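**Q** what's the 3D shape of this:
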Amino acid sequence: MEKVNLAEKLSQFSEHWAPRVVASYNGNDVMVVKFVGEFPFHDHPETDDFFMVLSGEVLLDVEDQTHVLRPGEIFVVPAGVTHRPRAEAEAHVLLIAPQGTPNTGDPATAAAKPRS
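**A** Below you'll find the predicted structure:
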């Protein structure tokens, strides 16, 4: 058991769209990630997708709508729903997903999720 400082974890890397696992609970990975630019449209057929904006602004395209997420706001994309996060300037985001869930929805194209 130990506390996790999210700002400290985020300062340890500069890559975008490369989640880092900072904790685990009940079979879920808690991750931090930096967004800038656009991520591809994708879905997760069997899991919801949880986003919490820590800093910056995230545009979340969900099917035919765009949701603007600001610091302190969360959004859960239901399983099987096509979506794409994007950010015009760097944004820091907390993600929670079942361990082993590929960030692209496809294990062949997913980013590795090293423990930070």
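
**Q** my read: residue 75 touches residue 61, true?
**A** No: under the criterion of Cβ atoms under 8 Å, residue 75 makes no contact with residue 61, lying 11.4 Å away. C-beta: built from backbone N, CA, C; applies to glycine.

**Q** okay but residue 17 is in contact with residue 33, surely?
**A** Yes: here residue 17 reaches residue 33: they are 6.8 Å apart, a contact under Cβ under 8 Å.

**Q** what's the burial count for residue 14?
**A** 9 (other Cβ atoms under 10 Å).

**Q** so how far is residue 92 from it?
**A** As defined by Cβ to Cβ, to the nearest Å, residue 14 lies at a distance of 12 Å from residue 92.

**Q** before we move on, the earlier item: between residue 17 and residue 33, which has more neighbouring residues?
**A** Between residue 17 and residue 33, counted using other Cβ under 10 Å, the more crowded position is residue 33 (24 against 16).

**Q** Hmm, that one is touching residue 20, no?
**A** Yes: assessed by Cβ under 8 Å, residue 33 is found in contact with residue 20 at 7.0 Å.

**Q** Next, give phi and psi for the residue nearest the centre of the chain.
**A** Nearest to the mean C-alpha position of the chain, counting by Cα atoms, centre = their mean, stands residue 95 at 4.1 Å. Backbone dihedrals for residue 95, given as degrees, to the nearest 10, come out at phi -120, psi 150.

**Q** For it, name its beta-bridge partners.
**A** residue 31, residue 51 (DSSP bridges).

**Q** separation between it and residue 20?
**A** 10 Å.

**Q** Give the residues shared as contacts by the two.
**A** Listed as contacting both residue 95 and residue 20 by Cβ atoms under 8 Å, 6 or more residues apart in numbering are 31-33.
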